[in-house]
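Chemist: give the three-dimensional model of this entry:
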Amino acid sequence: MLHYPTLNLYLYDLQEGLGQSDEEIVFNTQQFLKKLPENTQLLENELGEDYFELAQNRSIPLPKIAEFNTDDGYYYPVQLHDSYGLLVNCSLAGDFDAQDLTWLKALQRFIAQAVNNLAGTLGQTWIFSAYVENLPNDDAFIKNCCQILSSGKLFKTMRWNDKIIYEISDPHTIVIFYTNQQALKQENAYFTDWLYLLFYRHKISWAYQQSRQLAKQLKQNTKHIRAHESNLSQNIHDLEATQLQDILHSLQFNLSYTADLKNLDAQARTIQTNLDNYQQRLTKLSQKMGHELHLFAYFHELAQKKYLVQIEHDYAGFKTEAEQLTKLVALVQTSQAIKNSGDIYIGGNVSDSSLNTGSGVKQFTG
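Modeler: So this is what the prediction gives:
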(Lines give C-alpha, C1' and ligand atoms only; values in the text may rest on other atoms or scores of the structure.)
Protein backbone atom coordinates (compact mmCIF):
# COMPACT_ATOMS: atom_id res chain seq x y z
CA MET A 1 0.00 0.00 0.00
CA LEU A 2 1.00 3.61 -0.61
CA HIS A 3 0.26 5.85 2.36
CA TYR A 4 -0.53 9.60 2.11
CA PRO A 5 0.51 10.03 -1.54
CA THR A 6 1.23 13.53 -2.86
CA LEU A 7 1.53 14.66 -6.46
CA ASN A 8 3.09 18.06 -7.18
CA LEU A 9 3.41 19.87 -10.48
CA TYR A 10 6.20 22.46 -10.66
CA LEU A 11 5.58 24.67 -13.69
CA TYR A 12 7.52 27.68 -15.01
CA ASP A 13 6.74 30.51 -17.43
CA LEU A 14 8.77 33.44 -18.69
CA GLN A 15 7.62 36.72 -17.16
CA GLU A 16 9.90 39.15 -19.00
CA GLY A 17 12.21 38.05 -21.77
CA LEU A 18 15.31 39.87 -22.97
CA GLY A 19 14.26 42.95 -24.95
CA GLN A 20 10.53 42.18 -24.80
CA SER A 21 8.03 45.01 -25.22
CA ASP A 22 5.36 45.98 -22.67
CA GLU A 23 2.76 44.23 -24.83
CA GLU A 24 4.78 41.01 -24.83
CA ILE A 25 5.21 41.15 -21.05
CA VAL A 26 1.44 41.59 -20.60
CA PHE A 27 0.89 38.61 -22.91
CA ASN A 28 3.26 36.50 -20.77
CA THR A 29 1.23 37.35 -17.67
CA GLN A 30 -2.03 36.49 -19.42
CA GLN A 31 -0.63 33.10 -20.44
CA PHE A 32 0.40 32.41 -16.85
CA LEU A 33 -3.03 33.42 -15.54
CA LYS A 34 -4.65 30.82 -17.82
CA LYS A 35 -3.09 28.17 -15.56
CA LEU A 36 -4.85 29.57 -12.49
CA PRO A 37 -8.55 29.64 -11.48
CA GLU A 38 -10.70 32.10 -13.40
CA ASN A 39 -10.65 35.74 -12.21
CA THR A 40 -7.45 35.24 -10.18
CA GLN A 41 -5.83 38.56 -9.31
CA LEU A 42 -2.06 38.55 -8.87
CA LEU A 43 -0.30 40.85 -6.45
CA GLU A 44 2.07 43.45 -7.91
CA ASN A 45 5.75 42.93 -7.22
CA GLU A 46 6.27 46.66 -6.75
CA LEU A 47 9.73 46.39 -5.18
CA GLY A 48 11.01 44.01 -7.84
CA GLU A 49 11.87 41.26 -5.35
CA ASP A 50 13.61 38.16 -6.74
CA TYR A 51 11.17 35.88 -4.90
CA PHE A 52 7.63 37.19 -4.55
CA GLU A 53 4.42 35.36 -3.59
CA LEU A 54 1.71 36.41 -6.03
CA ALA A 55 -1.47 35.11 -4.31
CA GLN A 56 -3.42 37.20 -1.78
CA ASN A 57 -3.26 34.52 0.91
CA ARG A 58 -0.01 32.95 -0.29
CA SER A 59 -1.89 30.14 -2.01
CA ILE A 60 -5.17 29.44 -3.82
CA PRO A 61 -7.25 26.38 -2.84
CA LEU A 62 -7.40 23.54 -5.35
CA PRO A 63 -10.94 22.24 -5.99
CA LYS A 64 -11.86 19.04 -4.19
CA ILE A 65 -11.72 15.83 -6.18
CA ALA A 66 -14.96 13.85 -5.92
CA GLU A 67 -13.32 10.45 -6.35
CA PHE A 68 -10.60 11.06 -3.75
CA ASN A 69 -10.46 11.96 -0.09
CA THR A 70 -8.33 15.04 -0.61
CA ASP A 71 -6.27 15.99 2.40
CA ASP A 72 -4.87 19.18 0.96
CA GLY A 73 -4.50 20.89 -2.39
CA TYR A 74 -3.51 24.34 -3.58
CA TYR A 75 -1.94 26.55 -6.24
CA TYR A 76 1.16 28.43 -5.09
CA PRO A 77 2.14 31.09 -7.68
CA VAL A 78 5.36 33.09 -7.30
CA GLN A 79 7.62 35.38 -9.28
CA LEU A 80 11.19 34.09 -9.54
CA HIS A 81 13.50 36.79 -10.90
CA ASP A 82 12.27 37.34 -14.50
CA SER A 83 9.95 34.32 -14.50
CA TYR A 84 6.79 32.86 -12.99
CA GLY A 85 6.76 29.70 -10.92
CA LEU A 86 3.70 27.66 -10.01
CA LEU A 87 3.44 24.75 -7.60
CA VAL A 88 0.20 22.79 -7.85
CA ASN A 89 0.01 20.48 -4.84
CA CYS A 90 -2.46 17.69 -4.19
CA SER A 91 -2.09 15.45 -1.13
CA LEU A 92 -4.39 12.50 -0.50
CA ALA A 93 -5.45 11.14 2.87
CA GLY A 94 -5.37 7.41 3.59
CA ASP A 95 -3.94 4.37 1.84
CA PHE A 96 -3.93 3.54 -1.86
CA ASP A 97 -3.32 0.42 -3.91
CA ALA A 98 0.31 0.03 -4.96
CA GLN A 99 -0.48 -2.50 -7.69
CA ASP A 100 -3.43 -0.97 -9.51
CA LEU A 101 -2.30 2.61 -10.07
CA THR A 102 -5.21 3.84 -12.19
CA TRP A 103 -6.00 6.24 -9.34
CA LEU A 104 -2.56 7.86 -9.80
CA LYS A 105 -3.18 8.45 -13.49
CA ALA A 106 -6.56 9.98 -12.62
CA LEU A 107 -4.86 12.27 -10.08
CA GLN A 108 -2.30 13.42 -12.63
CA ARG A 109 -5.07 14.06 -15.15
CA PHE A 110 -6.96 16.13 -12.57
CA ILE A 111 -3.94 18.35 -11.86
CA ALA A 112 -3.25 18.79 -15.59
CA GLN A 113 -6.85 19.92 -16.03
CA ALA A 114 -6.43 22.29 -13.08
CA VAL A 115 -3.89 24.22 -15.18
CA ASN A 116 -6.08 23.91 -18.31
CA ASN A 117 -3.72 21.28 -19.73
CA LEU A 118 -1.17 24.01 -20.45
CA ALA A 119 2.54 23.35 -20.26
CA GLY A 120 5.08 25.79 -18.84
CA THR A 121 6.89 27.85 -21.47
CA LEU A 122 10.16 27.29 -19.60
CA GLY A 123 9.38 23.75 -18.52
CA GLN A 124 7.74 21.66 -15.82
CA THR A 125 8.38 18.73 -13.49
CA TRP A 126 6.10 16.25 -11.74
CA ILE A 127 7.09 15.04 -8.27
CA PHE A 128 5.22 12.10 -6.74
CA SER A 129 5.88 10.98 -3.18
CA ALA A 130 4.39 8.52 -0.70
CA TYR A 131 5.16 6.56 2.46
CA VAL A 132 5.83 2.87 1.84
CA GLU A 133 6.42 0.57 4.80
CA ASN A 134 8.06 -2.18 2.77
CA LEU A 135 9.32 -1.21 -0.64
CA PRO A 136 9.21 -4.21 -3.02
CA ASN A 137 12.64 -5.49 -4.01
CA ASP A 138 11.69 -6.10 -7.64
CA ASP A 139 11.67 -3.32 -10.23
CA ALA A 140 8.20 -4.10 -11.59
CA PHE A 141 6.40 -1.91 -9.04
CA ILE A 142 8.81 1.00 -9.58
CA LYS A 143 8.61 0.80 -13.37
CA ASN A 144 4.83 0.61 -13.23
CA CYS A 145 4.63 3.71 -11.05
CA CYS A 146 7.07 5.67 -13.23
CA GLN A 147 5.37 4.65 -16.47
CA ILE A 148 2.02 5.87 -15.13
CA LEU A 149 3.48 9.35 -14.63
CA SER A 150 5.84 9.66 -17.57
CA SER A 151 6.57 8.06 -20.92
CA GLY A 152 10.23 8.92 -20.47
CA LYS A 153 13.08 6.62 -19.56
CA LEU A 154 13.90 5.80 -15.92
CA PHE A 155 17.56 6.74 -15.83
CA LYS A 156 18.62 7.73 -12.30
CA THR A 157 18.08 6.11 -8.91
CA MET A 158 19.47 6.66 -5.44
CA ARG A 159 18.61 5.11 -2.08
CA TRP A 160 19.65 5.92 1.44
CA ASN A 161 18.30 5.31 4.92
CA ASP A 162 14.61 6.26 4.82
CA LYS A 163 14.28 7.52 1.22
CA ILE A 164 14.57 6.28 -2.33
CA ILE A 165 14.46 8.68 -5.29
CA TYR A 166 13.90 7.97 -8.98
CA GLU A 167 14.32 10.44 -11.83
CA ILE A 168 12.70 10.02 -15.22
CA SER A 169 13.63 11.83 -18.42
CA ASP A 170 11.33 13.85 -20.63
CA PRO A 171 8.78 14.67 -19.44
CA HIS A 172 10.87 15.34 -16.35
CA THR A 173 9.47 13.43 -13.37
CA ILE A 174 10.77 12.62 -9.89
CA VAL A 175 9.40 9.85 -7.66
CA ILE A 176 10.25 9.73 -3.95
CA PHE A 177 9.31 6.92 -1.58
CA TYR A 178 9.78 7.33 2.16
CA THR A 179 10.18 4.20 4.23
CA ASN A 180 9.82 6.19 7.42
CA GLN A 181 6.64 8.14 8.22
CA GLN A 182 8.58 10.80 10.09
CA ALA A 183 10.65 11.49 6.97
CA LEU A 184 7.43 11.99 5.00
CA LYS A 185 6.27 14.62 7.49
CA GLN A 186 9.41 16.66 6.78
CA GLU A 187 8.56 16.87 3.09
CA ASN A 188 6.86 20.27 3.34
CA ALA A 189 10.20 21.77 4.35
CA TYR A 190 11.57 20.95 0.88
CA PHE A 191 8.92 22.56 -1.34
CA THR A 192 10.65 25.94 -1.71
CA ASP A 193 13.99 24.28 -2.42
CA TRP A 194 12.44 22.13 -5.13
CA LEU A 195 10.73 25.21 -6.55
CA TYR A 196 14.07 26.98 -6.87
CA LEU A 197 16.15 23.99 -7.99
CA LEU A 198 13.77 22.98 -10.75
CA PHE A 199 13.43 26.59 -11.88
CA TYR A 200 17.19 26.83 -12.41
CA ARG A 201 17.19 23.50 -14.23
CA HIS A 202 14.42 24.48 -16.64
CA LYS A 203 15.84 27.98 -17.19
CA ILE A 204 19.16 26.39 -18.20
CA SER A 205 17.46 23.93 -20.58
CA TRP A 206 15.31 26.71 -22.05
CA ALA A 207 18.33 29.00 -22.59
CA TYR A 208 20.17 26.19 -24.37
CA GLN A 209 17.17 25.59 -26.64
CA GLN A 210 17.09 29.31 -27.41
CA SER A 211 20.78 29.19 -28.28
CA ARG A 212 20.12 26.37 -30.77
CA GLN A 213 17.51 28.48 -32.55
CA LEU A 214 19.87 31.45 -32.67
CA ALA A 215 22.71 29.29 -33.97
CA LYS A 216 20.41 27.99 -36.70
CA GLN A 217 19.52 31.53 -37.78
CA LEU A 218 23.14 32.66 -37.69
CA LYS A 219 24.25 29.65 -39.71
CA GLN A 220 21.65 30.42 -42.36
CA ASN A 221 22.76 34.06 -42.58
CA THR A 222 26.39 32.94 -42.74
CA LYS A 223 25.55 31.23 -46.04
CA HIS A 224 24.37 34.60 -47.37
CA ILE A 225 27.64 36.23 -46.28
CA ARG A 226 29.69 33.56 -48.05
CA ALA A 227 27.59 33.86 -51.22
CA HIS A 228 28.03 37.65 -51.40
CA GLU A 229 31.73 37.37 -50.61
CA SER A 230 32.24 34.88 -53.44
CA ASN A 231 30.24 36.99 -55.89
CA LEU A 232 31.99 40.25 -55.06
CA SER A 233 35.46 38.70 -55.23
CA GLN A 234 34.82 37.95 -58.89
CA ASN A 235 33.10 41.06 -60.25
CA ILE A 236 33.01 43.98 -57.81
CA HIS A 237 34.92 46.17 -60.30
CA ASP A 238 32.27 45.54 -62.96
CA LEU A 239 29.23 46.42 -60.83
CA GLU A 240 27.37 49.70 -61.27
CA ALA A 241 26.48 51.95 -58.32
CA THR A 242 22.83 50.85 -58.50
CA GLN A 243 23.87 47.20 -58.37
CA LEU A 244 26.07 47.89 -55.35
CA GLN A 245 23.09 49.60 -53.72
CA ASP A 246 21.04 46.45 -54.26
CA ILE A 247 23.77 44.37 -52.64
CA LEU A 248 23.84 46.74 -49.66
CA HIS A 249 20.10 46.37 -49.34
CA SER A 250 20.43 42.58 -49.33
CA LEU A 251 23.05 42.85 -46.58
CA GLN A 252 20.64 44.60 -44.22
CA PHE A 253 20.54 41.45 -42.08
CA ASN A 254 23.81 42.88 -40.70
CA LEU A 255 21.91 44.37 -37.75
CA SER A 256 19.92 41.21 -37.01
CA TYR A 257 23.11 39.14 -37.29
CA THR A 258 24.78 41.30 -34.66
CA ALA A 259 21.68 41.20 -32.45
CA ASP A 260 21.47 37.41 -32.73
CA LEU A 261 25.14 37.13 -31.85
CA LYS A 262 24.67 39.26 -28.72
CA ASN A 263 21.63 37.20 -27.79
CA LEU A 264 23.66 34.01 -28.19
CA ASP A 265 26.20 35.36 -25.73
CA ALA A 266 23.35 36.34 -23.39
CA GLN A 267 22.08 32.74 -23.37
CA ALA A 268 25.53 31.55 -22.29
CA ARG A 269 25.51 34.05 -19.43
CA THR A 270 21.98 32.94 -18.47
CA ILE A 271 23.14 29.33 -18.31
CA GLN A 272 26.23 30.18 -16.25
CA THR A 273 24.27 32.26 -13.73
CA ASN A 274 21.57 29.64 -13.27
CA LEU A 275 24.18 26.89 -13.16
CA ASP A 276 25.83 28.53 -10.16
CA ASN A 277 22.43 28.97 -8.51
CA TYR A 278 21.53 25.35 -9.29
CA GLN A 279 24.64 24.06 -7.52
CA GLN A 280 24.06 26.27 -4.48
CA ARG A 281 20.41 25.19 -4.16
CA LEU A 282 21.29 21.53 -4.67
CA THR A 283 23.82 21.79 -1.83
CA LYS A 284 21.20 23.40 0.41
CA LEU A 285 18.56 20.76 -0.37
CA SER A 286 21.11 17.99 0.23
CA GLN A 287 21.88 19.43 3.65
CA LYS A 288 18.18 19.55 4.53
CA MET A 289 17.62 15.97 3.40
CA GLY A 290 20.72 14.80 5.23
CA HIS A 291 22.42 13.26 2.19
CA GLU A 292 24.25 14.46 -0.91
CA LEU A 293 21.83 14.35 -3.84
CA HIS A 294 24.40 13.20 -6.39
CA LEU A 295 21.43 11.96 -8.43
CA PHE A 296 20.94 15.52 -9.71
CA ALA A 297 24.60 16.53 -10.01
CA TYR A 298 24.81 15.03 -13.52
CA PHE A 299 22.71 17.91 -14.89
CA HIS A 300 25.27 20.44 -13.68
CA GLU A 301 27.98 18.52 -15.54
CA LEU A 302 25.85 18.28 -18.68
CA ALA A 303 25.25 22.03 -18.78
CA GLN A 304 28.87 22.85 -17.92
CA LYS A 305 30.59 20.47 -20.32
CA LYS A 306 28.16 20.39 -23.22
CA TYR A 307 25.76 23.34 -23.24
CA LEU A 308 28.28 26.07 -22.42
CA VAL A 309 31.09 24.58 -24.52
CA GLN A 310 28.79 24.31 -27.55
CA ILE A 311 27.66 27.93 -27.25
CA GLU A 312 31.25 29.15 -26.79
CA HIS A 313 32.30 27.33 -29.97
CA ASP A 314 29.32 28.75 -31.85
CA TYR A 315 29.94 32.28 -30.61
CA ALA A 316 33.62 32.26 -31.59
CA GLY A 317 32.80 31.10 -35.12
CA PHE A 318 29.88 33.45 -35.71
CA LYS A 319 31.81 36.40 -34.26
CA THR A 320 34.40 35.89 -37.01
CA GLU A 321 31.60 35.89 -39.57
CA ALA A 322 30.18 39.11 -38.07
CA GLU A 323 33.57 40.74 -38.58
CA GLN A 324 33.56 39.47 -42.17
CA LEU A 325 30.12 40.96 -42.70
CA THR A 326 31.22 44.36 -41.36
CA LYS A 327 34.18 44.38 -43.73
CA LEU A 328 31.99 43.32 -46.62
CA VAL A 329 29.49 46.13 -46.02
CA ALA A 330 32.31 48.67 -45.69
CA LEU A 331 33.86 47.48 -48.95
CA VAL A 332 30.58 47.74 -50.86
CA GLN A 333 29.91 51.21 -49.42
CA THR A 334 33.39 52.39 -50.42
CA SER A 335 33.02 50.97 -53.92
CA GLN A 336 29.61 52.58 -54.26
CA ALA A 337 30.94 55.97 -53.13
CA ILE A 338 33.75 55.79 -55.67
CA LYS A 339 31.36 54.81 -58.44
CA ASN A 340 29.03 57.68 -57.54
CA SER A 341 31.89 60.15 -57.50
CA GLY A 342 32.89 59.09 -60.99
CA ASP A 343 36.45 58.25 -59.92
CA ILE A 344 38.28 55.21 -61.12
CA TYR A 345 38.37 52.46 -58.45
CA ILE A 346 41.84 51.14 -57.84
CA GLY A 347 41.84 48.93 -54.79
CA GLY A 348 42.45 45.58 -53.20
CA ASN A 349 40.64 42.44 -54.12
CA VAL A 350 37.70 41.37 -51.93
CA SER A 351 39.11 37.88 -51.86
CA ASP A 352 42.29 38.90 -50.03
CA SER A 353 43.10 37.58 -46.58
CA SER A 354 41.19 40.36 -44.80
CA LEU A 355 37.94 38.92 -46.10
CA ASN A 356 38.75 35.25 -46.13
CA THR A 357 39.19 34.12 -42.53
CA GLY A 358 36.51 31.41 -42.39
CA SER A 359 33.94 30.82 -39.67
CA GLY A 360 35.46 28.12 -37.49
CA VAL A 361 31.98 27.07 -36.31
CA LYS A 362 32.15 23.66 -34.64
CA GLN A 363 29.54 21.18 -33.47
CA PHE A 364 30.11 19.84 -29.94
CA THR A 365 28.83 16.34 -29.45
CA GLY A 366 30.35 15.34 -26.13
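
Chemist: from here on, just use CA atoms for contacts and neighbour counts.
Modeler: Will do.

Chemist: pull out the buried positions in stretch 245-252.
Modeler: Buried residues in stretch 245-252, defined by neighbour count with 16 or more other CA atoms under 10 Å: 247-248, 251.

Chemist: ok, stretch 37-54 next?
Modeler: By 16+ other CA under 10 Å, the buried positions in stretch 37-54 come out as 37, 51-54.

Chemist: before we move on, what about stretch 74-90?
Modeler: Across stretch 74-90, burial judged by 16+ other CA under 10 Å covers 74-80, 83-90.

Chemist: which of the buried residues of stretch 37-54 lies closest to residue 196?
Modeler: Closest to residue 196 out of the buried residues of stretch 37-54 is residue 51 (9.6 Å), distances taken as CA to CA.

Chemist: now the closest one: phi and psi?
Modeler: In terms of degrees, to the nearest 10, the main-chain angles of residue 51 are phi -130, psi 120.

Chemist: same check on the one 3 residues further on?
Modeler: Here the main-chain torsion angles of residue 54 (degrees, to the nearest 10) amount to phi -90, psi -10.

Chemist: and the helices in this protein?
Modeler: Applying DSSP state H to the chain gives helices spanning 22-33, 102-114, 140-149, 181-185, 191-235, 241-250, 254-289, 297-302, 308-341.

Chemist: can you tell which of those helices is closest to residue 132?
Modeler: Between residue 132 and those, the shortest separation by CA to CA is 8.3 Å, and it involves helix 181-185.

Chemist: give me the contact list for that closest one.
Modeler: Helix 181-185 is contacted from outside by 130-131, 162-163, 178, using CA atoms under 8 Å, 6 or more residues apart in numbering.

Chemist: just checking, residue 241 touches residue 336?
Modeler: Yes. Residue 241 is in contact with residue 336 according to CA atoms under 8 Å; the separation is 5.2 Å.

Chemist: more neighbours: which of these two?
Modeler: Applying other CA atoms under 10 Å to residue 241 and residue 336 shows that residue 336 carries more neighbours, namely 22 against 19.

Chemist: so what's the more buried one up against?
Modeler: 240-241, 244-245.

Chemist: domain-wise, how is this structure divided?
Modeler: Annotated domains of the chain cover 2-185, 202-355 [automatic domain parsing].

Chemist: now those domains as JSON lines including mean pLDDT?
Modeler: Compiled in JSON lines, the domains of the chain are given as follows (pLDDT from 0 to 100):
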{"stretch": "domain 2-185", "mean pLDDT": "88"}
{"stretch": "domain 202-355", "mean pLDDT": "85"}
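
Chemist: could the ones you listed go into TSV alongside distance to residue 195?
Modeler: Supplementary listing: these in TSV, determined by distance: least, CA to CA, whole Å:
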stretch	distance to residue 195
domain 2-185	7
domain 202-355	10
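
Chemist: of these, which is nearest residue 196?
Modeler: Of the domains of the chain, nearest to residue 196 by CA to CA is domain 202-355, at 7.1 Å.
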